[in-house]
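A.B. asks: I would like the atomic coordinates for the input below:
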Amino acid sequence: MRVVVIGQAAFGEAVLKRLLDDGEEIVGVSAPATREGGRPDPLRALAEARDLPVFTTRDLKKAEAFAAYAGVKPDLNVMAFVTDILAEQVLYEPALGTIQYHPSLLPRHRGASAMNWAIIQGDTRTGLTVFWPDKGIDTGPVLLQKEVEITPDDTLGSLYFGKLFDMGVEAMAESVALVKAGDAPRLPQDETQATYEPICGDEHAAIEWSRPASDVYNLVRGCNPQPAAHTTYQGKRLKIFDCALSNEAEEGRPGEVIAVAGDAFVVGLKGGALTVRRVQPEGSAKLKAPEFVEASGMRAGDRLGE
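C.D. replies: You can find the predicted model right below:
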């Protein structure tokens, strides 16, 4: 079975390596272009190191690039973290079609920021889906799904790198094997359960201290490390990363610094408090809370978000 891997970044690289190790016949790789003076994408670098034909993903919309891709006569496309929208002719060119990885239990959390929104919205379980994409956004029949727990302290980083990354590589290898054996299912997505959220950007990451304690905590976790939940302090932006939630009632208004001690500072919330251990002031690198407190002169009674 002749396979083309389409993807990018560390996940795309890991999927390609796994398929090569499994002895799959990789006849081409599509990855982002290398910027002038920059480093090649990890997937592209591995493909070039293995002397595999390499295509630039955005160029597949052009006749010449598509012809070169079609010329390797793929039986299956394997999409491993693709942020570009591919033309339908690319999806349907291989004899066996295209399969794609998505880090949610589709049809819930369609869109490019599925993991962010799962945490922000307080989900306690999520997972991954390998599906047969069509012209829609994260639509198309499901091949397989795997579930994971979102623990109360999971962040975007821990959910992806600690749970869904390795599981995703295994799922892609398993899916390719099922397609090769002729045993890959095509299960319709339940459209009545579908949700779609936009890319989680800076405009979604602003902390509203008047929100319930759990909402604020979920926002910080779901934006850690990207795009990073933010507030203001002393008139400048302050990004908040590592933190913990206390649901015990604390004295102080939402957004008020209740205490500055040890390795953290504590901020009042509606129905609880947020213990903050790592931040990033505007124009600075990330700092541990004590470093920030010393540099800024933060004291109990100060307010965030004003």
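A.B. asks: low-confidence ranges, this protein, go.
C.D. replies: Per-residue confidence of the chain (counting by pLDDT under 70) places the weak regions at 249-250.
A.B. asks: could you list the domains of it?
C.D. replies: 2-193, 202-296 (automatic domain parsing).
A.B. asks: now distance to Asp302 too, for these, in CSV please.
C.D. replies: Every residue, glycine included, has its C-beta placed from N, CA and C. Below are the domains of the chain laid out as CSV (distance: least, Cβ to Cβ, whole Å):
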stretch, distance to Asp302
domain 2-193, 25
domain 202-296, 4
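A.B. asks: export these to TSV and tack on mean neighbour count and distance to Arg303?
C.D. replies: Conversion of these to TSV gives the following (neighbours: other Cβ atoms under 10 Å; distance: least, Cβ to Cβ, whole Å):
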stretch	mean neighbour count	distance to Arg303
domain 2-193	18	24
domain 202-296	18	5
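A.B. asks: leaving out chain neighbours, which residue sits closest to Thr124?
C.D. replies: Ile150 (5.5 Å; Cβ to Cβ, 6 or more residues apart in numbering).
A.B. asks: thought the one you found was touching Asp123?
C.D. replies: Yes. Distance between Ile150 and Asp123: 5.7 Å, which falls inside the contact criterion (Cβ atoms under 8 Å).
A.B. asks: looking at the domains of the chain, which is nearest to Leu304?
C.D. replies: Distance to Leu304, taken as Cβ to Cβ, is lowest for domain 202-296 among the domains of the chain, at 4.7 Å.
A.B. asks: that closest one: end-to-end distance?
C.D. replies: Taking Cα to Cα, to the nearest Å, the span from the opening residue of domain 202-296 to its closing residue is 24 Å.
A.B. asks: how about the strands in the stretch 151-300 of the chain?
C.D. replies: Listed in chain order, the strands of the stretch 151-300 of the chain (DSSP state E, counting those that start in this stretch) span residues 229-233, 236-240, 243-246, 257-261, 264-269, 272-276, 278-281, 287-288.
A.B. asks: can I get these in a markdown table including distance to Ala31?
C.D. replies: Formatted as a markdown table, these follow (distance: least, Cβ to Cβ, whole Å):
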| stretch | distance to Ala31 |
| --- | --- |
| strand 229-233 | 31 |
| strand 236-240 | 30 |
| strand 243-246 | 36 |
| strand 257-261 | 46 |
| strand 264-269 | 41 |
| strand 272-276 | 38 |
| strand 278-281 | 30 |
| strand 287-288 | 35 |
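A.B. asks: thanks again, I'm all set now.
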